[in-house]
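Asker: need a structure here:
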Amino acid sequence: MRPATIVLTALLALTACAEDAPRKPLPPNFTDAFPDVPIPPGGTVASWSGSVDALQLTFRSPTPVTGVAEAYRTEFAKPGWTVLSDMQTPDGNVALLAEKDKRAVWIRIERGDSGSRIMMTGVVPGRDSVYEATRRAVRDTTNTVVPRALPR
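Answerer: Residues are numbered from 1 along each chain as shown. The predicted structure follows:
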């Protein structure tokens, strides 16, 4: 066999395996993970990550920590929101936890090189995460004892 034929055969086999592999579930979109939460003032996305039921975005903003924190405190003062935690660290960073419609949003605001860095984490309840799947499996178990009549 020619080396080119061997390489082509191997690539085709790998491609076939890759197509059969399960696809990684996509994280929720911004509006699902962050209901009624605006992006930080002047914010640009620096990075993002997520799982099937959560999304984390990191923004950079030219606005200082105090300005970004005040913008989110104003937003979370609107009807429907409940602020569960609002803490400031000794070095001036701010951590906020708020909830609306049983959806939690965590916002951490830190000083950046020229402004601030904002990490937002939002969770979508009920999405099929490993935790939810495990809870559902435990709830749906049929592992129960069924009484039977004994033979006489």
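Asker: for this protein, what spans make up the strands?
Answerer: Secondary structure of the chain (DSSP state E): strands located at 44-50, 54-61, 82-88, 94-100, 103-112, 115-123.
Asker: Output the below-cut-off pLDDT ranges for this structure.
Answerer: 1-25, 127-152 (pLDDT under 70).
Asker: Flag every buried residue along stretch 67-85.
Answerer: Neighbour-count burial for stretch 67-85, counted by 16 or more other CB atoms under 10 Å, picks out Gly67, Val68, Ala69, Ala71, Tyr72, Glu75, Phe76, Trp81. C-beta: built from backbone N, CA, C; applies to glycine.
Asker: what sits against the last one?
Answerer: Right, Trp81. By CB atoms under 8 Å, 6 or more residues apart in numbering, the residues touching Trp81 are Asp36, Glu75, Ala98, Glu99, Lys100.
Asker: Go again with 10 Å.
Answerer: Applying CB atoms under 10 Å, 6 or more residues apart in numbering to Trp81 gives the contacts Pro35, Asp36, Val37, Glu75, Ala98, Glu99, Lys100, Asp101, Val105.
Asker: How many neighbouring residues does the closest residue to the second one other than its chain neighbours have?
Answerer: For Asp36, the nearest residue in space outside its immediate sequence neighbours is Lys100; the separation is 6.5 Å by CB to CB, 6 or more residues apart in numbering. Residues contacting Lys100 under the criterion other CB atoms under 10 Å number 17.
Asker: hey, what's Lys100 bridged with?
Answerer: Arg103 (DSSP bridges).
Asker: my guess is it meets Val123, correct?
Answerer: No. Using CB atoms under 10 Å, Lys100 is not in contact with Val123; the gap is 11.8 Å.
Asker: who touches both of those two?
Answerer: Shared contacts of Lys100 and Val123, defined by CB under 10 Å, 6+ apart, comprise Phe34.
Asker: contacting residues around the closest residue to Phe59 other than its chain neighbours?
Answerer: Closest residue in space to Phe59, ignoring its immediate chain neighbours: Gly43 at 3.8 Å, by CB to CB, 6+ apart. Gly43 makes contact with 57-63, 68, 115-118, 120, according to CB under 10 Å, 6+ apart.
Asker: Let me know the closest of those residues to Gly92.
Answerer: Ser116 (9.9 Å; CB to CB).
Asker: was I right about that closest one contacting Thr63?
Answerer: Yes. In this structure, Ser116 is within contact of Thr63 by CB under 10 Å, at 6.2 Å.
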